[in-house]
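S.K.: quick one, what's the 3D model for this:
(3 chains, ligands or ions: 3)
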Amino acid sequence: MGILNLLFANRDVLNIEDIDVYEKHGGYAGLRKAVGMERQAVVDDVKLSGLRGRGGAGFPTWIKWNGLPKNYDIPHYVICNADEGEPGTYKDRELMLKLAHTLVEGMIIAGYATSSIAGYVYIRGEYVEPAWQVRKAIDQAYKKGYLGKNILGIEGFNYDLHIHLGAGSYECGEESALMSSLMGERGNPRLKFPHAPLPTVSGVWQSPTLINNVETYCAATWILANGGEAYSKLGTERSKGTKIISVSGHVHKPANYEIEMGTPLMELLETAGGIKGGKLKAVIPGGSSVQIMTAEQCTKINLDYESCAANGTLLGSGGFMAFNDRTDIVLLMKRTAEFYMHESCGKCTPCREGTRWIFKIMDRITSGNGQTDDVALLLDVCSQIDGRSYCGLGDAAAWPIVGAIKAFPEEFDYWIKYKRSPVGKNAVPPTPEVVNPLLTLTPA
Amino acid sequence: MSDNRLTQTEPSLNPATADMINIKINGLDVQVPKNENLIESAKRVGVDVPYFCYHPRLSKGDAANCRMCLVEVGMPGPDGTIRMMPKPQAACTMPAAEGMVVQTDTPKIVKDRKGVLEFLLINHPLDCPICDRGGECPLQNNTLFYGPPTSRYIEEKRHYPKAYPISEHVVFDRERCIHCARCTRFTEDISGDAQLGFLKRGADMEVNTFADTEYRSKFSGNVIELCPVGALLSKSYRFKARPWDLHSQKSVCSKCSNGCNIKIDYRQDKIQRINARINEDVNEEWTCDRGKFGHDYVSSDNRLKTPMLKQNGEWMPISWTQAYALLAEKLKAAGSNSAGIGGAHLTNEDNFQFQKLFRKTLGSSNLDSRTDRVHGSETTLLSDRFGYHGMGNSIAQLQSFKSYLIVGSALADELPIIFLRVRKAYRFHGASVVSAISKKDSSSPNVGDFATVEMIYRPGTEIALLNGILNILFNENLLPSNPGVDLKGLQQSVSDWTPAKVEQETGVPAAHISEAAHILAAGTMALIAGKEIREHPHYETVVAALGNLMLATGNPENLNIPERVVNAQGAKDMGILPDLEPGYAPVAQLGKNAHEILESAAKGELQALWIAGEQILNTYHDKSLVRQALDQCPFVIVSELTMTETALLADLVLPAASFAEKDGTFTSCERRIQKIEKVFEISRDIKADWLIFSELAAMIDGSPIPFSAADIFTEIAAAITEYAGISYKSLGDGGVRWRSESSSTNTKIFTAIYTPPAKN
Amino acid sequence: MSSSEISGVREPQPDPLKEYRFSEDAIAEMEEIATHYPERKAACLPTLWIAQREYGGYLTPPAIQEVADRLGLSFSEVEGVATFYTMYNLRKRGRHHLEVCTCLTCAVLGAYDIVHKLEHELGIHLGGTTSDGEFTLSEAECLDFCGAATVMQVGDKYFTQLTENNVMELIDQLRGSPDYTPAKLADAIVKIHVPLSSQTGGGSSKPEDLLLPAGPML
Ligand SMILES: Cc1cc2nc3c(=O)[nH]c(=O)nc-3n(C[C@H](O)[C@H](O)[C@H](O)COP(=O)(O)O)c2cc1C
Ligand code: SF4
Ligand code: FES
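M.R.: Numbering: from 1, shown residues only, chains lettered A, B, ... in the order given. Ligands and ions are numbered 1, 2, ... in the order given. Now for the predicted structure:
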């Protein structure tokens, strides 16, 4: 357990973003191996590896790869979800910035395994620098014949990769909203199974579509190069391999750490240099959408899907945020609520109205106007959103609030009773007086 | 209750299909078509699932947003035990599957509905007392039945400027909007102008037009009915009435020949508003703005309330007794030297009496209801090749072809409901549309919005264009192999109409013509011709050319040249034609057609001319001829609603009842006979046209006066084979088509290629 | 009627009479990008980026109309897209658009202090633009480089590990600089869509100029 650099093995190699250097370090071996296998064998290898989606939900990757229909009268597409928007997560950024070729290779492998005609890398618009690296990687891959027509001399294996940039919307990381955005629409989510077919049957442009996270494709590259079995030997019973955890917050050495699944949370915290500016108070292990854990709970958690779930939180996308004891949890949650209010697409009632209401209650509490039953109200409003919204953003907006109330009830009570922060001059200062608020409710 | 529900959102039950499955709703077993949504399935067992955003005619992709219709759903596992899904599911998009178990009334669902309504009311202004929707508002109703009694929201609500007009007809109160996306989906899915859209996102999201511009659409009124709250309002109805104060009468729109089913909501003798009535065969549940907002004239202050006589250039009111005496005297004297024009705006009953007055009482066959430029006999060329009527297809059929050729028609203006069917075929069934017109229609929406090819030809070059298309079809072997007729002559005659030559002649790029030809030959095709064809100086030849195209492509039944005026079809059926009696029986003594009537009147040869409900000065192409005719004819009678320009040129003007003040039937362009009913009476002295004709005939020759329109209809059904077997009663709410596709006497279709006479 | 039965978009019909602003290179870029997708409509986001560049860093109604006409979409549809995403500017911005991430990690590590400092030093409030048109100050949702908090995006570049103390240095460097402008951001994003081999050089800068060294790697 602990740090284990599989995907990151060559991260610090000089000029690894150049295809020649990348190839010298074993690059595109996975692809060469894959195209020497039957398509189904590639899927089986991914199945053997036990890889689960690294975008947050942890869905077994091979099921998706296997789910695309095997008749090819309509085109199939591969999409990479590089819309990394989850607060606390920045692993995809580093992967693209340094290891764009690993991603490109993974997407070509996926394209081969699913007989797709094209792939799209959907990168959030803010990620200009990482996107340039992907652009260069794709162009180099074309030159070397890894993309284009009859790839690696295989008759009929034609596959193109395109980049599509977003334009500022967290919701577009949700896979169906991402597809809307890719098709040139507002980033609204689309009907999901069982209301509509799975994307693997009818996704973008009503074609079978495979959609995975950047890290998932990078892991697939490693798996094809080194064998699914090798991967499956790492990690825990049901969480195989490694996971890149983006550590940030009050730690001495914030960075992306690739760890073996099942590494104790405290071990990672140690590796990241430990807490700075005070004692450990809380950790959000998987990005802002998951429940916050108290210092005491942290000692029990291992970083894998099952252990996190058993402790009432989620590994999510691996956005690990640690907070010291000068952090005001209520203010932190108010900022979280503001994030979800701002990022709600507005399509469905619970999320559109609920996220705003949550923010208003949090705002009320943190401006000294909390009412005695506000905590109960918050819990109820959250319960009215959770599971009732059109897509996962509603759930993601409710969970952290509920989690924080569970983990730190006394801080909410303190704010409501004494109308000030329980942590003195706190680490999250109140929001500055907003003259042009993000949320304007009167038309300009 | 359902009749008073303004939103016409009652989902229509899907017909049973071959694929029926068994599900259980609240413990009740029911068979439903596979994949039916659960709202409709629940209806089958009388279970009400509340909803806002769901609408059976709008696309589902943007639905399921209000979350009002949540239900608990379980599916049988492999071992047969039911496993409930952890999250509640939106019934409106949930497809029914074998063995599914649905619960709509668990405590969890009751709470969820309360939650959704509480969220919706957070920002709703709750200004119900001054809201037009009050009393027929789905938000009110659902809150009453499913909502929380109080709100826990104590913050400031969202504020927008209150009601402001976004178009000529529609006022928008954005504060009340609940973001159900019905209006935006309507403009995208149904009307196709895509004028309303969502802007911004999250709690800021709002419905608006592009850059705050005017909402320009020919169908804007529908969004008022679709809106489940009082956010989109009718400018003319605003603050006019409470819904429970209104009376409602079923009727049929009189603005064009589509025959849309409507409901007239009125108070005393004033129409307050017009809403659509569902008729799946005609307008589904839509109306166009012309129909919805265009009936103010009925209650206008300018309505004629007594007969008016012009004496020495002065108009003076006279009594009906005086009017009848004068009419009897003058018409009797004129005898066969009298003529009647009009009828396209009258009911069948009016027309039947109209022609009886002239043919039987006065002995004149000088009758014509066609005042657009179509002349010549109805019996010759067109009737034996094309039948007596304009449409080969029914309106409903027009949504199911693979491709369409729309010729010379601003379809959305001329026949809005047929336009919606074509648009539906394009939007929901992937049809391709080719539009050919001489002047590009730039209003919104129009066929050009979604036509794959738009051919703008020089006026009058239709035949060249059609020849060009045929030329490509022949040369590229795109035609069906077995047309059933000999096409050699046709092929020969179009052989020198090469694309290049046609381009030069018509101004349409050869590439477009070729693309059009390919589209039209690709599958079943329907042709709809409009105003430019009807008014074509060589009408018959153009129609023949259109017919040739249809015959060659194997679609002889699908030629449609619909009438445009409300009862133009019916007037012809009733024999308001110089050469045909009711039921298209040839007359013994040929009368004069409209053009000949006007010419002989202008020459002073006619002694009396009756213009019935026709503003001929506007509709006839040769205005100076009309003026001259009305000037020279010694006695001109006009029966009208108001003093129109035409009426001003008459000698005697009679106050006639509008469609809202009389009973009767209209026959729509697709030959659908539909009932209108008397809604109110504005004045005792306004008479239905049929009554005027009947009372006058009685004075002249003692013919019996029928008691009612229904009586006349019985007589019509007895006299006309096309109407045989139809009774006032059997018309029902939706009307009956004569010679419908299902009956054995199908519409007449082309059987032979027509070669136009050589041009000189 | 499932959404899969709904058919697509009408053919584009740019109106010859309208005054359009897309340069020939921009049109070439747009057409190249449109070939990446089976439907023209999918080029909506990239084309809005082109418009944002061609119209000087923000989208006016005519810009939206031009995009709609060139792609064969309706105006309100494109406006709906343009107003959904936060990176499309609907109003003119300063030469440098300072977007300070104030989301969780950054907030905890002093982002609001930086915002206050900038507000104070530049004399503007959040959302405001300095009178000389140099800077517009905004708050951003998570820029997802939390490890390098506090992060600020200016144009096409992330500036990282900012503090109250070093932020004004950065501001001084930016003042008057032609780099990192909203138009350059738009240009970079457009360029990224197009393979380097078929880039026509439509914008003001060469792609390699935009390839800045990444922020401090951790
Ligand atoms: C609101 C929301 C935001 C999301 N954002 C992202 C994201 O930024 N990046 C990502 O990879 N997945 C994101 N996801 C998860 C995706 O929907 C999806 O599960 C993932 O792309 C699948 O890839 P995987 O199987 O490789 O994990 C998000 C989900 C939700 C509900
Ligand atoms: S939960 Fe609803 S409003 Fe929120 S992002 Fe999803 S669809 Fe949009
Ligand atoms: S009716 Fe089902 S969500 Fe609105």
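
S.K.: tell me which residues in whichever strand or helix holds B:L331 are buried?
M.R.: Using DSSP states H and E, B:L331 maps to helix B:320-334. Along helix B:320-334, these residues count as buried under the neighbour rule (16 or more other C-beta atoms under 10 Å in any protein chain shown): B:W320, B:A323, B:Y324, B:L326, B:L327, B:A328, B:K330, B:L331, B:A334. For the C-beta atoms, the positions are set from N, CA and C on the backbone; glycine is no exception.

S.K.: secondary structure class for residue 172?
M.R.: I went with chain A, as the question did not name one. Put simply, A:C172 is helix when judged by DSSP: H, G, I helix; E, B strand; the rest coil.

S.K.: just the pLDDT at it, thanks.
M.R.: pLDDT for A:C172: 97.

S.K.: one more: B:N760?
M.R.: Residue-level pLDDT assigned to B:N760 equals 36.

S.K.: tell me the average confidence for stretch B:100-117?
M.R.: 96.

S.K.: how is chain A carved up into domains?
M.R.: For chain A, automatic domain parsing gives the domain ranges A:19-229, A:242-324, A:329-439.

S.K.: any chance of CSV for those domains, columns mean neighbour count and distance to chain B?
M.R.: Output for the domains of chain A, formatted as CSV (neighbours: other C-beta atoms under 10 Å in any protein chain shown; distance: least, C-beta to the nearest C-beta, whole Å):
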stretch, mean neighbour count, distance to chain B
domain A:19-229, 22, 4
domain A:242-324, 22, 14
domain A:329-439, 21, 3
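
S.K.: so which elements touch the helix holding B:L331?
M.R.: strand B:308-311, strand B:608-612, strand B:635-640, strand B:652-655, helix B:689-701 (3 or more C-beta pairs under 8 Å, 6 or more residues apart in numbering or on different chains; DSSP states H and E).

S.K.: next helix or strand past it?
M.R.: Note on helix B:320-334: by DSSP H and E, the next helix or strand toward the C-terminus is strand B:338-342.

S.K.: direction included, what does that following strand pair against?
M.R.: Its sheet considered, strand B:338-342 pairs with strand B:367-368 (parallel), strand B:608-612 (parallel) by DSSP bridges.

S.K.: C:C103 is nearest to which of the domains of chain A?
M.R.: Taking C-beta to C-beta, domain A:19-229 is the member of the domains of chain A nearest to C:C103, at 4.7 Å.

S.K.: does ligand 1 sit close to the closest one?
M.R.: Yes. Legend: contact between domain A:19-229 and ligand 1 by C-beta under 6 Å from any ligand atom is shown at A:53-57, A:59, A:81, A:83-86, A:171, A:173-175, A:211-213, A:216.

S.K.: which residue, other than its chain neighbours, is closest to B:V502?
M.R.: Leaving out its chain neighbours, the residue that sits closest to B:V502 by C-beta to C-beta, 6 or more residues apart in numbering or on different chains is B:G468, at 3.1 Å.

S.K.: mind checking how far the one you found is from B:L527?
M.R.: The gap separating B:G468 from B:L527 is 16 Å, by C-beta to C-beta, to the nearest Å.

S.K.: of the two, which one has the most company?
M.R.: Set B:G468 next to B:L527 and count neighbours by other C-beta atoms under 10 Å in any protein chain shown: B:G468 wins out with 29 against 25.

S.K.: element containing that one, please.
M.R.: helix B:462-475.

S.K.: same check, this time on B:R421
M.R.: Here B:R421 is assigned to helix B:416-429, by DSSP H and E.

S.K.: name the residues of that helix that are buried.
M.R.: For helix B:416-429, the neighbour count (16+ other C-beta under 10 Å) marks B:416-428 as buried.

S.K.: ok, now stretch B:646-661?
M.R.: Buried, per 16+ other C-beta under 10 Å, within stretch B:646-661: B:646-647, B:649-661.

S.K.: for the record, mean pLDDT for it?
M.R.: Average pLDDT, stretch B:646-661: 96.

S.K.: and for stretch B:197-212?
M.R.: Per-residue scores along stretch B:197-212 average to 93.

S.K.: please see if that stretch touches chain A.
M.R.: Yes. Using C-beta under 8 Å from any C-beta of the partner chain, stretch B:197-212 reaches chain A at B:F198, B:K200, B:R201, B:G202, B:A203, B:D204, B:M205, B:E206.

S.K.: grab the nearest non-local neighbour of B:E118.
M.R.: Leaving aside its chain neighbours, B:E118 sits nearest to B:P148 (5.1 Å; criterion: C-beta to C-beta, 6+ apart).

S.K.: next one, pLDDT for the one you found please.
M.R.: Note for B:P148: predicted pLDDT of 94.

S.K.: what do you get for A:L314?
M.R.: 95.

S.K.: got it, and B:G390?
M.R.: Here the pLDDT value assigned to B:G390 is 78.

S.K.: just B:A585 next, same as before
M.R.: Looking at B:A585, its pLDDT reads 86.

S.K.: and it, how far is that from chain A?
M.R.: For B:A585, the distance to chain A equals 56 Å [C-beta to the nearest C-beta, to the nearest Å].

S.K.: name all residues that make contact with that residue.
M.R.: B:G575 (C-beta atoms under 8 Å, 6 or more residues apart in numbering or on different chains).

S.K.: contact partners for A:M1?
M.R.: A:I259, A:E260, A:G262, A:T263, A:P264, A:E267.

S.K.: coming back round to it: among the helices and strands packed on helix B:320-334, which is nearest ligand 3?
M.R.: helix B:689-701 (47.5 Å; C-beta to the nearest ligand atom).

S.K.: which residues are contacting the helix or strand that that closest one is followed by?
M.R.: Following helix B:689-701 in sequence order, the next helix or strand is helix B:709-719 (DSSP H and E). Contact with helix B:709-719 is made by B:347-349, B:352-353, B:574, B:582-583, B:662-665, B:688, B:690, B:706, B:723-728, as judged by C-beta under 8 Å, 6+ apart.

S.K.: please repeat the previous calculation with a cut-off of 7 Å.
M.R.: The contact list for helix B:709-719, computed with C-beta atoms under 7 Å, 6 or more residues apart in numbering or on different chains, reads B:347-349, B:352-353, B:582-583, B:662-665, B:690, B:706, B:723-724, B:726-728.

S.K.: swap in stretch B:674-693?
M.R.: So stretch B:674-693 is contacted by B:249-252, B:259, B:264, B:266, B:269, B:303, B:305-306, B:320, B:346, B:349-350, B:353-354, B:357, B:612-613, B:639, B:654-657, B:659-666, B:668, B:709, B:712, B:728, B:731, B:735 (C-beta under 7 Å, 6+ apart).

S.K.: if we can go back for a sec, okay if I get the contacts of A:M1 as a markdown table plus distance to B:G291 and secondary structure?
M.R.: Output for those, formatted as a markdown table (distance: C-beta to C-beta, whole Å; DSSP: H, G, I helix; E, B strand; the rest coil):
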| residue | distance to B:G291 | secondary structure |
| --- | --- | --- |
| A:I259 | 69 | strand |
| A:E260 | 71 | strand |
| A:G262 | 70 | coil |
| A:T263 | 71 | strand |
| A:P264 | 73 | strand |
| A:E267 | 74 | helix |
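
S.K.: what's the domain layout of chain B?
M.R.: B:20-120, B:128-234, B:327-376+B:566-737, B:397-560.
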